[in-house]
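Chemist: Pasting a predicted model and its sequence here:
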Amino acid sequence: MRLFTTAAGLRCYLERHRRAADVGFVPTMGALHPGHLSLIERAKCENALVVVSIFVNPLQFSPTEDFQQYPRPLEQDLRLCEQAGVDAVFAPTPVELYGNRWSMSNSGTQLTQVVPPTPMTSVLCGRSRPGHFQGVATVVTKLLNLVQPERAYFGQKDAQQLAILRRLAADLNLPVTIVGCPIVREESGLAYSSRNQYLTPSQKAQAPILYGALQQAETVFQAGERDRVSLISAVKSGLALAQDIQVEYIELVHPTTLAPLEQVEDSGLLAIAARFGSTRLIDNIVLQNRKPIVAIDGPAGVGKSTVTRQVAKVLGLMYLDTGAMYRALTWRVLQEDIHLDDEPKIAELASLSQIYLTTDESSGSGGRVLLDGEDVTKAIRSQNVTANVSVIAALPAVRSELVKQQQRLGCKGGIVAEGRDIGTHVFPDAELKIFLTASVQERARRRQQDLKEQELPEMSLEELERDIQQRDFRDSTRAVAPLRKASDAIEITTDGLSIDQVIERIVTLYHQRVSASV
Ligand code: PAF
């Protein structure tokens, strides 16, 4: 692992090591805990090179806050990064990052800063921390410009920060994907935070009440309550027994816009900030008013599409046929006679085309495919489309545009989708994630059987196994949408199971895991 304290060193390292590899970036203020380590782990899964920054950013502290006291256990942090497999740590001083134009007394007034939208910074923590999110937005923009990562990872615990940074990246067209990662909690339910170490033993024993109170509201929500006042009073009653606590706010806002909500329509962020003595802690939960999403990933040749289509039918959910979406775009590319090498033109077409899938069963294949209002269900099954779809689907710009459309189609839930990166990338919040797999020998055997049934030229089991191994290697190492098992996916090995048994297992898991919680 390399440590850099200057932008020049970091830049030079990245120029040499980036090559075609994706860079994942985890910005931190150090004092690393399991929450940070989960961000690093996710970044390691999704990128070839992982950079962590450790920088206690003075711009995001007001003069009365704990900038001087903030823990700085650099040696320990570096050890943790090394153990977690981080490639490079960037740990600059404030002067290195901001130059001499910065000083604590003038709070960086000589610096160009990034100002997020006021409606997003004036709610929740913004009320008691004026200037905080401007400081965060400024440092994150600088760090993103220095590292130029494909993806940057932030924890959902700082839900307001995450929403603001997503907006920042969208509004300023920053070429990065902001990845939000779930809150990691101690066994007691207390969310990990670098500030937990300020708590006395008795405060630490009381602090889990924050999550307990949020869970109480979640129970009320699951029983059908959608109203702000009732949800907030459920949190308040959950906090009633705590002694040494000063609540700063309990608020219900939209998770993306942070606009205050009277009712939860699609989803709501229920957030709390409270002081235990002088230590300020925050926590939150997202209340999802949507139907569940089932994500089925796995290698080629395990029968994913048959299983997914049937699971959707049995559960009465929509089969989000992502393959049909790539086919629809391929059809349009061929219709317009665009050269398959012209990725910019194809990307433009992908971003201008609106693809819709309907659940109309009468089409025979499970639904109809509409491209800008035109029914292309039949047309996209042509020989010509089949022959070209894999080339189009492999284009990074096409994937990123169509993933946006898939997320839009899935935002209200109630879908089952299959692919290679559905649970890791397209719907990382899916309620049920399945990783469907089978041994290479079993897949070779099934493939041989298929060839026979379709009266295609025979291949030996050895040849088929070699092909499958090579394909698995390609699929899991490719830069775009690589095949990976999400850490919270349930693996089902289908060796020795019939299609019906696999479907039954998934449907049972759905009823156990999902129906029980909605
Ligand atoms: O979340 C944090 O630790 C900080 O706000 C961040 C994103 C590293 C910016 O200083």
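Modeler: Cool, got the structure.

Chemist: for the closest residue to the ligand within the stretch 401-518 of the chain, helix, strand, or coil?
Modeler: Closest contact between the stretch 401-518 of the chain and the ligand, by C-beta to the nearest ligand atom, is at residue 428 (19.1 Å). Quick note: C-beta positions are derived from backbone N, CA and C, even for glycine. In terms of secondary structure, residue 428 is coil; the call rests on DSSP: H, G, I helix; E, B strand; the rest coil.

Chemist: again, but for residue 341
Modeler: Three-state assignment for residue 341 (three-state DSSP): coil.

Chemist: show me the contacts for residue 514.
Modeler: Taking C-beta atoms under 8 Å, 6 or more residues apart in numbering, we find residue 514 in contact with 292, 294, 431-432.

Chemist: Generate a PyMOL selection restricted to the buried subset of those.
Modeler: Command for PyMOL that selects the buried part of these, burial taken from 16 or more other C-beta atoms under 10 Å:
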select buried, resi 292+294+431+432
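
Chemist: From the contacts of residue 514, which land in strands?
Modeler: In strands, judged by DSSP state E, the following of the contacts of residue 514 are found: 294, 432.

Chemist: Now flag whichever of the contacts of residue 514 is closest to residue 238.
Modeler: Residue 238 has its nearest neighbour among these in residue 431, at 24.1 Å by C-beta to C-beta.

Chemist: ok, and the closest non-adjacent residue to the closest one?
Modeler: Spatial nearest neighbour of residue 431, chain neighbours left out: residue 292 (3.9 Å); criterion: C-beta to C-beta, 6 or more residues apart in numbering.

Chemist: residues contacting that neighbour?
Modeler: With C-beta under 8 Å, 6+ apart, residue 292 has these contacts: 317, 413-414, 430-432, 510, 514, 518.

Chemist: I'd like the residues you listed laid out as a markdown table, including distance to the ligand.
Modeler: Formatted as a markdown table, those follow (distance: C-beta to the nearest ligand atom, whole Å):
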| residue | distance to the ligand |
| --- | --- |
| 317 | 36 |
| 413 | 29 |
| 414 | 33 |
| 430 | 25 |
| 431 | 27 |
| 432 | 30 |
| 510 | 35 |
| 514 | 31 |
| 518 | 31 |
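
Chemist: that older thread, Provide the count of other residues in contact range of the residue of the stretch 401-518 of the chain closest to the ligand.
Modeler: A total of 18 residues lie near residue 428 under the criterion other C-beta atoms under 10 Å.

Chemist: I figured it was touching residue 488, is that so?
Modeler: No. Using C-beta atoms under 8 Å as the test, residue 428 is too far from residue 488 to be in contact (9.2 Å).

Chemist: Contact distance from the ligand - what residues of the stretch 151-300 of the chain qualify?
Modeler: 158, 161 (C-beta under 6 Å from any ligand atom).

Chemist: Could you pull out the helices in the stretch 151-300 of the chain for me?
Modeler: For the stretch 151-300 of the chain, the helices defined by DSSP state H, counting those that start in this stretch cover 159-171, 201-206, 209-222, 228-239.

Chemist: all strands of the stretch 51-200 of the chain, in order?
Modeler: According to DSSP state E, counting those that start in this stretch, the stretch 51-200 of the chain carries its strands in the segments 88-90, 151-155, 177-181.

Chemist: re earlier: export the contacts of residue 514 to CSV and tack on distance to residue 452?
Modeler: Output for these, formatted as CSV (distance: C-beta to C-beta, whole Å):
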residue, distance to residue 452
292, 39
294, 32
431, 39
432, 35
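
Chemist: Next one, pLDDT for the residue of the stretch 401-518 of the chain closest to the ligand please.
Modeler: Confidence at residue 428, expressed as pLDDT, is 87.

Chemist: what do you get for the one 5 residues further on?
Modeler: The predicted local distance difference test score for residue 433 is 95.

Chemist: For it, list each beta-bridge partner.
Modeler: Per DSSP bridges, the residues bridged to residue 433 are residue 295.

Chemist: unless I'm mixing things up, it is touching residue 416, no?
Modeler: No. Counting by C-beta under 8 Å, residue 433 stays clear of residue 416, with 11.4 Å between them.

Chemist: got any residues that touch both of those two?
Modeler: With C-beta under 8 Å, 6+ apart, residue 433 and residue 416 have common neighbours residue 294.

Chemist: Please name the nearest non-neighbouring residue to residue 490.
Modeler: According to C-beta to C-beta, 6+ apart, the nearest residue to residue 490 is residue 434 (5.6 Å).

Chemist: One more: residue 114?
Modeler: Nearest to residue 114 is residue 137, by C-beta to C-beta, 6+ apart, at 4.1 Å.

Chemist: burial count for that neighbour?
Modeler: 24.

Chemist: got the contact list for it?
Modeler: Residue 137 touches 113-116, 164-165, 168, counting by C-beta under 8 Å, 6+ apart.

Chemist: Give me the distance between the nearest residue to residue 6 once chain neighbours are set aside and residue 7.
Modeler: Residue nearest to residue 6 in three dimensions, not counting chain neighbours: residue 96, with 5.8 Å by C-beta to C-beta, 6+ apart. For residue 96, the distance to residue 7 equals 7 Å [C-beta to C-beta, to the nearest Å].
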